[in-house]
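**Q** Sequence isn't available, so here's the structure alone:
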Ligand SMILES: Nc1ncnc2c1ncn2[C@@H]1O[C@H](COP(=O)(O)OP(=O)(O)OP(=O)(O)O)[C@@H](O)[C@H]1O
């Protein structure tokens, strides 16, 4: 049976009142399996940070619920138990103190005496090329991100919640971070729940994906299942199905028509063949392409 590190049920978070009210999170139901690397994706203002902040008890749900290991982060004393089991890198990595990285790590170690690993802290700094004597207030944006990551990862918590953990990282360091997360966190059965705009990168390491739009979930599930349910067909020939539930987009060119379909691409291909069409090509979509298709479709529905 699947156990979940984090679940939300019909979660709502509003800000402001009256006509100025914003529904940052709007009836969100997510399931983050324990041991997974779960990528939470969405356009700007989709509600990702608000969701992660509610998981940490930093924002209080307006309605619905959020549970971390079955505990309610909005309520003391359960929140304390949540925080003991979660490493967190916030969206805002504005570490402005005059501390060095070394001192920051020492301070963090004191909060997690049972799980903290000095060796892992050193390894993260080493792999991410972060000198121990870096002064946080004068550090570059990338180095602040690295320091926040080192402090969170060295906790060796059951769940890592990372809000845009790639801010300011160059491609070489980003690659090192992805390897480190897979090697050191998932090998020990820990769960990583992260929000990001780096779709090609997250596609390399995530096994579960949730796509948010305007506070709602558009799609959620194992990445392999999601990939298998989308396909692009290049078709020529006879009359093609004008409308099908599974078509997300259609593009006609002189020599061929391109269909992107979601759900049961095999049945769609069979229908094309029955109609006498010739399938010139059938190819999978990258996560980036799936994301763009879903966002454009959602945009279209909103405008209609
Ligand atoms: N404290 C706040 N007060 C008022 N509105 C807020 C607050 N925090 C977030 N919002 C609004 O809630 C909505 C969702 O914001 P959120 O930061 O959760 O989105 P996001 O998906 O993380 O966006 P991004 O990818 O740009 O970081 C936005 O419209 C934002 O302006």
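**A** Perfect, I can see it now. It should be emphasised that the depicted structure is a prediction, and the values quoted were computed from it without experimental measurement. Numbers count the residues shown, from 1 in each chain.

**Q** okay, CA-based contacts and neighbour counts for the rest of this
**A** Fine.

**Q** Return the per-residue confidence for residue 304.
**A** Looking at residue 304, its pLDDT reads 59.

**Q** for residue 95, same thing?
**A** 72.

**Q** any idea how far it lies from the ligand?
**A** 18 Å (C-alpha to the nearest ligand atom, to the nearest Å).

**Q** quick one, what contacts that residue?
**A** Going by C-alpha atoms under 8 Å, 6 or more residues apart in numbering, residue 95 touches 136, 137, 144.

**Q** Low-confidence ranges, the stretch 1-150 of the chain, go.
**A** Within the stretch 1-150 of the chain, not a single segment meets pLDDT under 70.

**Q** Point out the residues in it that sit beside the ligand.
**A** Contacts of the stretch 1-150 of the chain with the ligand, taken as C-alpha under 6 Å from any ligand atom, map to 15, 24, 42, 43, 44, 45, 46, 47, 48, 49, 50.

**Q** and the fifth one, what are its phi and psi?
**A** Main-chain torsions, residue 44, degrees, to the nearest 10: phi -50, psi 140.

**Q** That one: neighbour count?
**A** 11 (other C-alpha atoms under 10 Å).

**Q** distance of it from residue 254?
**A** Here residue 44 is placed at a distance of 36 Å from residue 254 (C-alpha to C-alpha, to the nearest Å).

**Q** where do the helices sit along the stretch 1-150 of the chain?
**A** For the stretch 1-150 of the chain, the helices defined by DSSP state H, counting those that start in this stretch cover 48-55, 78-84, 101-111, 118-127, 141-153.

**Q** Including mean neighbour count, could these go into a markdown table?
**A** Below are the helices of the stretch 1-150 of the chain laid out as a markdown table (neighbours: other C-alpha atoms under 10 Å):
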| stretch | mean neighbour count |
| --- | --- |
| helix 48-55 | 24 |
| helix 78-84 | 17 |
| helix 101-111 | 17 |
| helix 118-127 | 17 |
| helix 141-153 | 24 |
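
**Q** Tabulate those helices (TSV), appending distance to residue 30.
**A** Output for the helices of the stretch 1-150 of the chain, formatted as TSV (distance: least, C-alpha to C-alpha, whole Å):
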stretch	distance to residue 30
helix 48-55	10
helix 78-84	18
helix 101-111	29
helix 118-127	30
helix 141-153	23
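
**Q** Could you say which one of these comes nearest to residue 244?
**A** helix 48-55 (31.6 Å; C-alpha to C-alpha).

**Q** OK, contacts around the residue of the stretch 51-200 of the chain found nearest the ligand?
**A** Closest to the ligand within the stretch 51-200 of the chain is residue 51: 6.5 Å, counting by C-alpha to the nearest ligand atom. Contacts for residue 51 (C-alpha under 8 Å, 6+ apart) come out as residue 25.

**Q** got it, and residue 107?
**A** With C-alpha under 8 Å, 6+ apart, residue 107 has no contacts at all.

**Q** among the helices of the stretch 1-150 of the chain, which is nearest residue 175?
**A** Residue 175 sits nearest to helix 118-127 of all the helices of the stretch 1-150 of the chain, at 10.0 Å, using C-alpha to C-alpha.

**Q** Residue 256 contacts residue 250, doesn't it?
**A** No. Contact between residue 256 and residue 250 fails when scored by C-alpha atoms under 8 Å: they sit 10.7 Å apart.

**Q** what number of residues lie near the one residue in the stretch 201-304 of the chain that gets nearest to the ligand?
**A** Closest contact between the stretch 201-304 of the chain and the ligand, by C-alpha to the nearest ligand atom, is at residue 215 (7.3 Å). Residue 215 has 24 neighbouring residues, counting by other C-alpha under 10 Å.

**Q** any idea how far residue 25 is from it?
**A** For residue 215, the distance to residue 25 equals 4 Å [C-alpha to C-alpha].

**Q** any common contacting residues for these two?
**A** When contacts are counted by C-alpha under 8 Å, 6+ apart, residue 215 and residue 25 have 46, 47 as shared neighbours.

**Q** which residues touch the residue of the stretch 201-304 of the chain closest to the ligand?
**A** 23, 24, 25, 26, 27, 28, 46, 47, 48.

**Q** Tell me the helix or strand right after the helix or strand harbouring residue 225.
**A** Per DSSP states H and E, residue 225 falls inside helix 223-229. Later in the chain than helix 223-229, the nearest helix or strand by DSSP H and E is strand 230-237.

**Q** List the contacts of that following strand.
**A** For strand 230-237, the external contacting residues (C-alpha under 8 Å, 6+ apart) are 255-265, 276-285, 290.

**Q** now, which of the residues you listed lie within helices?
**A** Here DSSP state H is the test, and the contacts of strand 230-237 give 265, 290 as lying in helices.

**Q** Check the contacts of strand 230-237 one by one and keep those near the ligand.
**A** Okay, of the contacts of strand 230-237, nothing touches the ligand (C-alpha under 6 Å from any ligand atom).
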